[in-house]
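[1] Sequence below, structure please.
(2 chains)
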2 protein chains.
Amino acid sequence: MVFVGEFGLINLIRKKFKPLRKGVLGIGDDSAILYKDNSNLLITTDALVDGVHFLSRKIDFIDLGYKSIAVNFSDIAAMGGYPLFVLLTIGISDKLSLNQIENFLKGIELIRKVYPFDIIGGDTVRSDTFFISITAIGKAYKKPILRSGAKAGDRIYVSGKIGDSGIALDIVHNKLKFKVLDRGYFLRRHYKPEPRIKLISYLLSKYVINSCIDISDGLIADLLHICEESKKGFNLKLDRLPVSLEKIKIDKNFSMEDFYEYAASCGEDYELIFTSPSVIDCEDVFKKTGVLVSLVGEITKSGYSVFYNSRRKDWKSLKKGFVHF
Amino acid sequence: MVFVGEFGLINLIRKKFKPLRKGVLGIGDDSAILYKDNSNLLITTDALVDGVHFLSRKIDFIDLGYKSIAVNFSDIAAMGGYPLFVLLTIGISDKLSLNQIENFLKGIELIRKVYPFDIIGGDTVRSDTFFISITAIGKAYKKPILRSGAKAGDRIYVSGKIGDSGIALDIVHNKLKFKVLDRGYFLRRHYKPEPRIKLISYLLSKYVINSCIDISDGLIADLLHICEESKKGFNLKLDRLPVSLEKIKIDKNFSMEDFYEYAASCGEDYELIFTSPSVIDCEDVFKKTGVLVSLVGEITKSGYSVFYNSRRKDWKSLKKGFVHF
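    Numbers count the residues shown, from 1 in each chain, chains lettered A, B, ... in the order given. Prediction:
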């Protein structure tokens, strides 16, 4: 994600550094576009820090290598592109073993077999805190898809299952309010997210996609990003969300409705939310790409409405995920 | 600089990740070139870590902002280009004040006034260790200049004064073996290096430049990089190096010859070493760009020879700077 959090830094930087050149899209979307008129190159950067985004004493370093690339490629997928190049910067602390580093690189090799790319540079530095900072460069299949392109009447779709990654985080931090039946599944979903490159490629070959974002802050929070940038509203049907109901145990303290609301606020799913004027043949998409796609609502002229079984939920008391602004 | 040091990591990565695509120049040069045949976009990345590359309790954060961009632009200058875009990632620790962050951004504003560029993305994350990871994108004025382009018979030139930054580091670490007359000068040279964009632009408009590198490891070490990549040798005249003799005090324990040898091994000067078949009119270059350019030797077919007042120095016992391989 581009410029989150600390000190409202994004606003400070946006204000201070107004763009000098036209045809360049900067801070605000998942990736920046280098020269709109030209090559449609996309560029994005993401940093992962030990103790903040992962715990080096707990994480499998093969997963870490895979994920550190995957989260960047997810941003490129959300812009309607595929990856070409990576710049890999690692801040290496004394506590790391050579074996951990080798496993980290193994994870990168793994994802490179799925999405071929070249490592064209980087930096390795010493650092008391282990960190990874990756810049990925990609190319849009057609025109880059922007957050700002949603139109009233567009259908809202999401890929994959929503909430899995957040469940894994709550498992790890002992914060889960319900029981899970397949712990391993949720952990895999969190530690090894899949960038939806193949999905977006197939969708673009068949349909018009007006806007897209990947879920890092939570489904509602990220849908809000689309609607803010597009100056639109939405109707969202919570009960239509694709969630892993069969892998958890609901009880009277945590209802099915609670679960749908929870899933809509979970971050780091790295699934895509996209809007389209077309009726997408979700069965066909699943057959061709292996990825579930679900219709969950529609873009409106204005206002945010969330429904559960046709009953409108109170917007103010609704969990929304990590909202920056 | 691209992939230095730890664990011989560069070799591990080079071996594991052989390029998949042609027309792309990756690890090894100052910057990578995106598509040789296309837009001649250059891309480079550099990380600065608190406690390793600077001390946050000592450094002026305006300087830090300026320098963190400048070192990346220096890599772009060394490839014969000018900067266009920056992606700015900051790992922010609790110990930093808002004032420090604001000064850091002020430093970036300062350098942006000299070399206009857009910030098109980045990431701000929490981190126990404060770090800055910057990716800069530029464009070559003509064909990118490679390290591998040096030809036997080329004259070797350097920009600016050599050794200043190393003197500053030794002042800060109390390791200096001689007295300095202008402490402030050396500190300024270390904390506020100037990327040689204007110089390379002017040179390319008048002369053929066959190879170029910026000095990060030391003059001899970086000249070795050129010669290794070009499969050539060099004759270097130590006494021709542009050094700040007038700002230090030589005595019997540290001779003039010692000083020249020392300067040739100092890192982080961010001056350019470049080779050219042309006789460069250094006086004209200085008039037009304000940058000193000095002829210090020539490229040969093979072998490394260093002379001081026409006397050949012993290669093995010579200080060379930070040699990776």
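[2] Can you work out which other helices and strands pack against the helix or strand containing residue A:229?
    Using DSSP states H and E, residue A:229 maps to helix A:219-230. Secondary-structure packing of helix A:219-230 (3 or more C-beta pairs under 8 Å, 6 or more residues apart in numbering or on different chains; DSSP states H and E): strand A:211-214, strand A:233-237, strand A:272-276, strand A:304-308. Every C-beta, even on glycine, is put in place using the N, C-alpha and C of the backbone.
[3] What's the mean pLDDT across that helix?
    What helix A:219-230 shows for mean pLDDT is 95.
[4] same check, this time on stretch A:20-31
    60.
[5] With stretch A:60-77 instead?
    Here the average pLDDT along stretch A:60-77 is 96.
[6] Put the alpha carbons of it into CSV.
    Output of stretch A:60-77 as CSV, limited to C-alpha atoms (Å, rounded to 0.1, in the frame of the first residue of the first chain):
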residue,chain,number,x,y,z
ASP,A,60,8.7,-19.6,7.7
PHE,A,61,11.3,-17.7,5.7
ILE,A,62,10.2,-19.4,2.5
ASP,A,63,6.7,-17.9,3.0
LEU,A,64,8.2,-14.6,3.9
GLY,A,65,10.1,-14.5,0.6
TYR,A,66,7.0,-15.5,-1.4
LYS,A,67,4.8,-13.0,0.5
SER,A,68,7.1,-10.0,0.2
ILE,A,69,6.9,-10.3,-3.6
ALA,A,70,3.3,-11.3,-3.7
VAL,A,71,2.0,-8.2,-1.9
ASN,A,72,3.7,-6.0,-4.4
PHE,A,73,2.4,-8.1,-7.4
SER,A,74,-1.1,-7.8,-5.8
ASP,A,75,-0.8,-4.0,-6.3
ILE,A,76,0.2,-4.5,-9.9
ALA,A,77,-2.8,-6.9,-10.4
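[7] if we can go back for a sec, could you give the angle of the helix holding residue A:229 to strand A:304-308?
    If you take axes from the mean of the first three to the mean of the last three C-alpha atoms, to 10 degrees, helix A:219-230 sits at 150 degrees to strand A:304-308.
[8] okay, the angle between helix A:219-230 and strand A:233-237?
    Using the same axes, to 10 degrees: helix A:219-230 against strand A:233-237 is 160 degrees.
[9] what sits up against helix A:219-230?
    When contacts are defined by C-beta atoms under 8 Å, 6 or more residues apart in numbering or on different chains, helix A:219-230 is touched by residues A:28-29, A:146-151, A:156, A:158, A:162, A:211, A:213-217, A:232-234, A:236, A:241, A:263-267, A:269, A:273, A:275, A:299, A:304, A:306, A:318-323, A:325.
[10] right, so of the helices and strands packed on helix A:219-230, which gets closest to chain B?
    strand A:211-214 (14.4 Å; C-beta to the nearest C-beta).
[11] Partner strands of the closest one, with direction?
    Strand A:211-214 has its sheet partners listed here by DSSP bridges as strand A:272-276 (antiparallel).
[12] Among the contacts of helix A:219-230, which are located in strands?
    Residues of those located in strands (DSSP state E): A:156, A:158, A:211, A:213-214, A:233-234, A:236, A:273, A:275, A:299, A:304, A:306.
[13] State the pLDDT value of residue A:192.
    94.
[14] same deal with residue A:10?
    On the pLDDT scale, residue A:10 gets 65.
[15] again, but for the one 5 residues further on
    We note a pLDDT of 74 for residue A:15 in this prediction.
[16] Where does it fall, secondary structure wise?
    Going by DSSP H and E, residue A:15 is part of helix A:9-16.
[17] Can you list the low-confidence ranges for the stretch 201-325 of chain A?
    Applying pLDDT under 70 to the stretch 201-325 of chain A flags residues A:323-325.
[18] For it, what lies in contact range of chain B?
    When proximity is defined by C-beta under 8 Å from any C-beta of the partner chain, the stretch 201-325 of chain A lies next to chain B nowhere.
[19] what number of residues lie near residue A:75?
    Counted with other C-beta atoms under 10 Å in any protein chain shown, the neighbours of residue A:75 add up to 29.
[20] Tell me the gap between the host helix or strand of it and the middle of its chain.
    Element membership of residue A:75 [criterion: DSSP H and E] is helix A:61-78. Remark: helix A:61-78 is offset 10 Å from the chain centroid, using C-alpha atoms, centre = their mean, to the nearest Å.
[21] same for it, what does it pack against?
    By 3+ C-beta pairs under 8 Å, 6+ apart, helix A:61-78 packs against strand A:41-49, strand A:81-92, helix A:98-114, strand A:131-140, helix A:183-191, helix A:197-206, strand A:211-214.
[22] between it and strand A:41-49, how many degrees?
    Going by the same axes, to 10 degrees, helix A:61-78 makes 150 degrees with strand A:41-49.
[23] now helix A:61-78 and strand A:81-92, what's the angle there?
    Using the same axes, to 10 degrees: helix A:61-78 against strand A:81-92 is 140 degrees.
[24] List only those of the contacts of helix A:219-230 flagged as buried.
    Buried subset of the contacts of helix A:219-230 (neighbour count, 16 or more other C-beta atoms under 10 Å in any protein chain shown): A:28-29, A:146-150, A:156, A:158, A:162, A:211, A:213-217, A:232-234, A:236, A:241, A:263-267, A:269, A:273, A:275, A:299, A:304, A:306, A:320-322.
[25] just to revisit the earlier point, for the helices and strands packed on helix A:219-230, which one sits closest to residue A:54?
    Across those, residue A:54 has its closest neighbour in strand A:211-214 (18.4 Å, C-beta to C-beta).
[26] Export the closest one to CSV, keeping only CA atoms.
    Extracted C-alpha coordinates of strand A:211-214, given in CSV (Å, rounded to 0.1, in the frame of the first residue of the first chain):
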residue,chain,number,x,y,z
SER,A,211,-12.1,0.2,-11.2
CYS,A,212,-10.1,-2.2,-9.0
ILE,A,213,-8.2,-2.3,-5.7
ASP,A,214,-6.6,-5.0,-3.7
